[in-house]
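>>> no letters, just coordinates:
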């Protein structure tokens, strides 16, 4: 392949880079975490290496796209159906940081967490602000989808990292504890707000099989990471003032949302069957497929952490099985992605954002 052709091919890939592409890192990192929690170190380290390498490559790709195709980046950010996908950058950094914290690489966890803060601040105000006060030719609500829950996922990933760093660093970082609880609370309220908006959208107009994209699995994935962050908070010393005031709230809401997320799984499976079997949705790789793997892996990690923090052993038993479900999903999506990369003679551009 000539150098010019390679350059054109790379430029095409960068131009088509999906805002939610970092979902690969989120999914790989959390499955690695689940495997580590249950003593599968070899598999866990292999996936950790994949997640770290993918994160570095994607960061370079996002930076390249921002420099070479700024209009496409802005267009995606202003698109109600795509913009929230950029929160995968925040969640990817923090999920990777949480996995490294298990190996006591606290410095790396702190660096990744701090680096994600300005990105979260920019996205958490710029994207909703643009959707509310920016110029738009079409109403926003008909274009809500599962991607919107990535706002919750990014927020809760920061809460979990703050609690994890506070737990390992000790007394000097007690300021992180109220910050973690505050971010957790913000994420819970965002989830309650978004679940209403997205559900109304599903009920308000006819839904085709194609419209039920894999991103709707983040419906459940958002509850799982809320539970994980709650578990990290509950593992902190109980005599800290903010935990004296909020521990029962964090514990109660965490369990209720774990139950709600569990309730969602069969319904999401029904949606998947309807989309692919009844609706004959086109098969093939799309970045949104990692939105299926991430919730399954996060459900396992959250159940294990929350079960240990609250003494509910049945949750740990569920997680022991669920971690392999998440790993199997990761293998399946990785195989589909690999096949698409091998077979694809060229790149087909994503539809232009509206």
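Great, that's in hand. Every value quoted in this text rests on a predicted model; they were computed, and no experiment measured them.

>>> quick check on residue 39: phi, psi?
Recorded main-chain torsions at residue 39 are phi 80, psi 20, according to degrees, to the nearest 10.

>>> let me fix that: residue 236
Here residue 236 shows phi and psi, under degrees, to the nearest 10, equal to phi -80, psi 160.

>>> give me the pLDDT value at it.
Per-residue confidence (pLDDT) for residue 236: 88.

>>> can you check residue 207 too?
70.

>>> and for residue 168?
Looking at residue 168, its pLDDT reads 84.

>>> beyond the helix or strand in which it is found, next helix or strand please.
Using DSSP states H and E, residue 168 sits in helix 150-169. Once the chain leaves helix 150-169, the next helix or strand it forms, by DSSP H and E, is helix 176-204.

>>> average pLDDT for that next one?
The pLDDT scores in helix 176-204 average 89.

>>> mind listing what's buried in it?
Buried residues in helix 176-204, counted by 16 or more other CB atoms under 10 Å: 176-181, 183-188, 190-191, 194-195, 198, 201. Any C-beta I mention is one placed from the backbone N, CA and C, and that applies to glycine too.

>>> what's the angle between it and helix 150-169?
Going by axes from the mean of the first three to the mean of the last three CA atoms, to 10 degrees, helix 176-204 is angled at 160 degrees with respect to helix 150-169.

>>> if we can go back for a sec, could you list every helix and strand in contact with the helix holding residue 168?
Packing partners of helix 150-169 (3 or more CB pairs under 8 Å, 6 or more residues apart in numbering; DSSP states H and E): helix 87-102, helix 106-133, helix 176-204, helix 218-234.

>>> give the buried residues for the first one.
What that stands for is helix 87-102. Residues of helix 87-102 classed as buried by neighbour count (16+ other CB under 10 Å): 87-101.

>>> do stretch 162-179 as well
Neighbour counts over stretch 162-179 (16+ other CB under 10 Å) mark 162, 163, 164, 165, 166, 167, 174, 176, 177, 178, 179 as buried.

>>> so which of the residues you listed is the closest to residue 264?
Nearest to residue 264 among these is residue 163, at 24.6 Å by CB to CB.

>>> ok, the closest one to residue 21 distance?
Distance, residue 163 to residue 21, using CB to CB, to the nearest Å: 27 Å.

>>> returning to that earlier point: tell me the one of the buried residues of helix 87-102 nearest residue 108?
Nearest to residue 108 out of the buried residues of helix 87-102 is residue 100 (CB to CB; 4.7 Å).

>>> just give me the neighbour total for the spatially closest residue to the closest one that is not a sequence neighbour.
Of all residues not flanking residue 100 in the chain, residue 108 sits nearest, at 4.7 Å (CB to CB, 6 or more residues apart in numbering). Number of residues near residue 108 (other CB atoms under 10 Å) recorded here: 16.

>>> do residue 341 as well
Neighbours of residue 341 using other CB under 10 Å come to 10.

>>> and the pLDDT for it?
What the model reports as pLDDT for residue 341 is 72.

>>> which elements pack onto the one helix or strand it maps to?
Using DSSP H and E, residue 341 sits in helix 313-343. Under the contact definition 3+ CB pairs under 8 Å, 6+ apart, helix 313-343 sits against helix 23-37, helix 290-310.

>>> would you mind giving the helices and strands packed on helix 150-169 as CSV with distance to residue 301 added?
Formatted as CSV, those follow (distance: least, CB to CB, whole Å):
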stretch, distance to residue 301
helix 87-102, 8
helix 106-133, 15
helix 176-204, 16
helix 218-234, 6
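
>>> those helices: which one's closest to residue 251?
That would be helix 218-234 among the helices and strands packed on helix 150-169, by CB to CB, at 6.0 Å.

>>> how many degrees apart are the closest one and helix 176-204 in direction?
If you take the same axes, to 10 degrees, helix 218-234 sits at 160 degrees to helix 176-204.

>>> what packs against helix 218-234?
Here helix 218-234 touches helix 150-169, helix 176-204, helix 241-273, helix 290-310, going by 3+ CB pairs under 8 Å, 6+ apart.

>>> please identify the buried residues of it?
By neighbour count on 16+ other CB under 10 Å, the buried set for helix 218-234 is 218-234.

>>> that helix vs helix 23-37, what angle?
50 degrees.
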